[in-house]
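Asker: Structure of the sequence below:
(one chain, ligands or ions: 1)
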Amino acid sequence: MKKKQLFMAVTFGVLTGAATMQAQTNEFVIQSHKPGAPIQPTMYGLFFEDINYAADGGLYAELVKNRSFEFPQHLMGWNSFGNVTVKDDGPFDRNPHYVRLAYPGHDQKYTGLDNEGYFGIGVKAGEAYRFSVWARLPEGGTNSSLRIELVDIHSMEEQQAFATANLTIDSKEWKKYQLILNPTVTQPKATLRIFLTSKTTVDLEHISLFPVDTWKGHENGLRKDLAQALADVKPGVFRFPGGCIVEGTDLATRYNWKNSVGPVENRPLNENRWEYTFPHRFFPDYYQSYGLGFFEFFQLSEEMGAEPLPVLSCGLACQFQNNTPDAHVPVNDLDSYVQDALDLIEFANGDVTTTWGKLRADMGHPAPFHLKFIAIGNEQWGEEYPEHLEPFITAIRKVYPQIQIIGSAGPNSEGEQFDYLWPEMKRLKVDLVDEHFYRPESWFLSQGARYDSYDRKGPKVFAGEYACHGQGKKWNHFNASLLEAAFMTGLERNADLVHMATYAPLFAHVEGWQWRPDMIWFDNLRSVRTVSYYVQQLYATHAGTHVLPLTMNKQAVTGADGQNGLFASAVCDKNKNEIIVKVANTSDQPQPLRLVFNGMKKKETLSGGRRILLQATDPDKDNTLDHPTAILPQEASIVVSGQEYSTELPPKTFAVYVFTR
Ligand code: AHR
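Answerer: Sure, this is the predicted structure:
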């Protein structure tokens, strides 16, 4: 009877309250007076890897492909015409190639170059684009002139160029020149064209085109819409740069952080393993310019308010692709790899008088980046992994005892290697263990209680890569995201153990992907946030400060038998005086819910709140570039009085309820 009196929830709009409920009510008891483990500020984050053209051609705003002529086919991405030759004694020792443009032999003929960009060059009418080039007059003589154009090579108009500017090269010495192009039309697939318009020979190197309006206005900057999408998640941690590219197909092509810092013109090119990892999605022009390098990663982390989490090679080349010991660095030969890790910490945190701290300062950031975490190795396994990891741990602990070290549990979420590696990680006393799971629906449905019984005495958990890969439906769709949301209630309930979680992969170009599903899709001008993106964002922006116990019939709500496909967790936010309850209804039935807030003082009431729902009319669909807002979180206020709240959660729906105390 008393309970009935307290049952005073009033809802608006679609929130019809308890009156229409027929199915048995699911009663969740939330111990609102028993805040448990703190939610780590790093709990919900992002993982960036240059896969699917995520960096060059994606987040990195450079629009010119093969700007330094260092691709093995030196004119890949370029169409040359007239009298063009490739030379290799340029001003940048780690990128020695450049082009020489000379008179074509007749005044009515032309010498020049076209660049195709990444699946074309996307430009917008009314925006400014900075063209820059290093140039010289190798034979001296009078000034030389170039005409720089943006061209629509498919246009039926009389004039195919829609932005034009002239550049005068006036020195025998190498110099950087730049000008601004102002396109008059929006064109997702433009071509950059360079004409030699005088008879004097000219040499060109590092030909670049950036939007002026990049994220935070940095010249060597990031595409604004994509960086903004990352920042809007409010990530607590930012893991980079991989993933498998950390390891390389061979050690020569591993991600070498030292090559990714310093003047951008002299960062050497690296092969991107995603060029050929999947021959059925083959991209022969996929390289890493390292233009988006470690400085830019640290800077972006700082600007987003996320803790940077770099991952470095442990001296093991990708173990999927190499099964002979000679592919890897022998353990007794790891010194330079270990030194790379120590130097990276110095680059991030060192005083400006240190070698690497000075480089950071020279690059424009004298203040430290306050690095706290480092991961050594990505998806490694076998005895060789702990053997390789140990020297790193010893060296890092000695010089930087405050840095937290992350080890790997291998590529699988369970099984022989996983079972071998966890005890090894405990033995080596790493701070966190990185677990990966790209798994089907059945796995996600069965893992709601995954962490409830983990050993609390060992390292903490970093769910470093995960996504629901639908059985037979390995692409973005609502139901996969719903199951991710359901699974994440288990991360949250176990926040004493799980300190970080990052979905993967992050980005994909619609014309250049190798792996899906992904969190954010884009083409040359547009981007779309998937439902998985919104799930991550809802968790990160409603992370709370402490876990609250939540049970149904005294059991955690983990999608177990008899729990009607429900998964739930609760947190409080001590700063905002809120209680936040997250519930995923994975069943195809509406589920009546009654949330009972125990432990509140007698006269205390919940004064109000809001609820955010994620649901879809078709669970096989997701947002697309053409329909980017098809499925969005829907927020409505709810009026609550008393210490209970009742509602009905529609089938296949994820809900976040926020109550003010
Ligand atoms: O996220 C794609 C790949 O999946 C990562 O590079 C790797 O770590 C995992 O196998």
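
Asker: show me the contacts for the residue lying closest to F507 once chain neighbours are set aside.
Answerer: In space, and not counting its chain neighbours, F507 is closest to A54: 3.8 Å by Cβ to Cβ, 6 or more residues apart in numbering. In short, each C-beta sits where N, CA and C put it, glycine included. Listed by Cβ atoms under 8 Å, 6 or more residues apart in numbering, the contact set of A54 reads 48, 505-509.

Asker: for P188, same thing?
Answerer: By Cβ under 8 Å, 6+ apart, P188 lies in contact with 120, 122, 523-525.

Asker: Is the residue nearest to Y400 when sequence neighbours are not counted part of a helix or strand, or is it coil?
Answerer: Using Cβ to Cβ, 6+ apart and skipping residues adjacent in sequence, the residue nearest Y400 is I345, 5.3 Å away. Classification of I345 using DSSP: H, G, I helix; E, B strand; the rest coil returns helix.

Asker: any idea how far I345 lies from D431?
Answerer: Look at I345 and D431: by Cβ to Cβ, to the nearest Å, they are 14 Å apart.

Asker: Next: D588.
Answerer: Going from D588 to D431 by Cβ to Cβ gives 42 Å.

Asker: ok, these two, which is more surrounded?
Answerer: The neighbour count for D588 versus D431, taken as other Cβ atoms under 10 Å, is higher for D431 (18 against 10).

Asker: I figured W78 was touching G112, is that so?
Answerer: No. Applying Cβ atoms under 8 Å as the test, W78 and G112 come out as separate, 10.1 Å apart.

Asker: which residues touch L196?
Answerer: For L196, the contact set (Cβ under 8 Å, 6+ apart) comprises 82, 101-103, 110-112, 144-146, 202.

Asker: just S32 next, same as before
Answerer: Per Cβ under 8 Å, 6+ apart, neighbours of S32: 548, 572, 579, 597-600, 661.

Asker: Could you list which of these belong to strands?
Answerer: 548, 572, 579, 597-598 (DSSP state E).

Asker: which residue ranges form the strands in the stretch 151-300 of the chain?
Answerer: 161-169, 175-181, 187-196, 202-211, 237-240, 270-271, 287-288 (DSSP state E, counting those that start in this stretch).

Asker: any idea which of these is most buried?
Answerer: Most buried of the strands of the stretch 151-300 of the chain, by mean neighbour count (mean count of other Cβ atoms under 10 Å): strand 237-240, with a mean of 27.

Asker: quick one: that one near the ligand?
Answerer: No. No part of strand 237-240 sits near the ligand under the criterion Cβ under 6 Å from any ligand atom; the closest distance found is 10.3 Å.

Asker: Report the strands that pair with that strand, each with its relative direction.
Answerer: strand 44-47 (parallel), strand 307-312 (parallel) (DSSP bridges).

Asker: Can you check which of these gets nearest to the ligand?
Answerer: strand 44-47 (7.6 Å; Cβ to the nearest ligand atom).

Asker: Just the CA trace of the following helix or strand past that closest one, in CSV.
Answerer: Where DSSP states H and E defines the elements, the next helix or strand beyond strand 44-47 is strand 78-81. The C-alpha coordinates for strand 78-81 follow below in CSV (Å, rounded to 0.1, in the frame of the first residue of the first chain):
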residue,chain,number,x,y,z
TRP,A,78,49.8,12.9,-59.6
ASN,A,79,49.2,13.2,-63.3
SER,A,80,52.1,15.0,-64.9
PHE,A,81,52.1,16.7,-68.3
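
Asker: who touches strand 78-81?
Answerer: 66, 69, 99, 110-116.

Asker: Select only the buried ones of those residues in ChimeraX?
Answerer: Command for ChimeraX that selects the buried part of the contacts of strand 78-81, burial taken from 16 or more other Cβ atoms under 10 Å:
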select :66,69,99,111,112,113,114,115,116
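
Asker: So which of the contacts of strand 78-81 belong to helices?
Answerer: The helices, defined by DSSP state H, take in nothing from those.

Asker: show me what contacts the residue nearest to Y400?
Answerer: Contact analysis of I345 by Cβ under 8 Å, 6+ apart lists 371, 374, 396, 399-400, 403.

Asker: same thing with W513?
Answerer: 52-53, 281.

Asker: now it: how far from the ligand?
Answerer: Taking Cβ to the nearest ligand atom, to the nearest Å as the measure, W513 falls 11 Å from the ligand.

Asker: next one: E127
Answerer: Separation of E127 from the ligand (Cβ to the nearest ligand atom) stands at 32 Å.

Asker: what does this protein put close to the ligand?
Answerer: Counting by Cβ under 6 Å from any ligand atom, the positions of the chain adjacent to the ligand are 49, 51, 242-244, 378-379, 411, 436, 465, 504-505, 515.

Asker: Can you flag which of these belong to helices?
Answerer: Judged by DSSP H, the subset of the residues of the chain next to the ligand located in helices is C244.

Asker: Format the residues of the chain next to the ligand as CSV; extra columns: neighbour count and pLDDT.
Answerer: Formatted as CSV, the residues of the chain next to the ligand follow (neighbours: other Cβ atoms under 10 Å; pLDDT from 0 to 100):
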residue, neighbour count, pLDDT
E49, 25, 98
I51, 27, 98
G242, 25, 96
G243, 27, 97
C244, 21, 97
N378, 27, 98
E379, 24, 97
P411, 20, 97
H436, 22, 98
E465, 23, 98
A504, 24, 98
P505, 26, 98
W515, 20, 98
